[in-house]
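> sharing a sequence plus its predicted fold:
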Amino acid sequence: MQIQVNTDHHVKGGDLLRQHVENLLNDSLNSFKDQVTRVEVYIADENSHKGGEDDLRCTMEARIRGLKPIAVTHHAENINVAIDGAADRIARSVRKTVEKRRET
């Protein structure tokens, strides 16, 4: 499973952030690593210098072999909360999608 992390110019990316996201996704999607080919992560500060509640956005798009991509978004006032929330949502979405596929 390939993981790609992107940030806008208002969010300080770097190796620590990338490693945190990769570890989190590898743990939460470990059961589906054979089905998920790639996860793209986009982290952005929607309000940049203004600040405010829930202005950090984390969008994750998972590509499951043979299916259309699944995308989720989570907003928070803290970058780690935004990432964790999006990771929880993408894991649930992937689980539901894979389970539905097995049923058919």
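The structure has been received and is ready for your questions. Numbers count the residues shown, from 1 in each chain.
> quick one: low-confidence ranges for this structure?
Low-confidence segments of the chain, defined by pLDDT under 70, are located at 48-54.
> all helices of it, in order?
Per DSSP state H, the chain carries helices over the ranges 15-28, 79-103.
> helix 79-103 and the shortest one, what's the angle between them?
Read it as helix 15-28. Our comparison of helix 15-28 with helix 79-103, counting by axes from the mean of the first three to the mean of the last three CA atoms, to 10 degrees, yields an angle of 30 degrees.
> and the contacts of helix 15-28?
Outside of helix 15-28, the residues that reach it under the criterion CB atoms under 8 Å, 6 or more residues apart in numbering are 1, 3, 5, 7, 33, 39, 41, 43, 60, 79-80, 83-84, 87-88, 90-91. Using the backbone N, CA and C atoms, a C-beta is placed for each residue, glycine as well.
> what subset of those is buried?
Listed as buried from the contacts of helix 15-28 are 1, 3, 5, 7, 39, 41, 43, 60, 79, 83-84, 87, 90-91; burial here means 16 or more other CB atoms under 10 Å.
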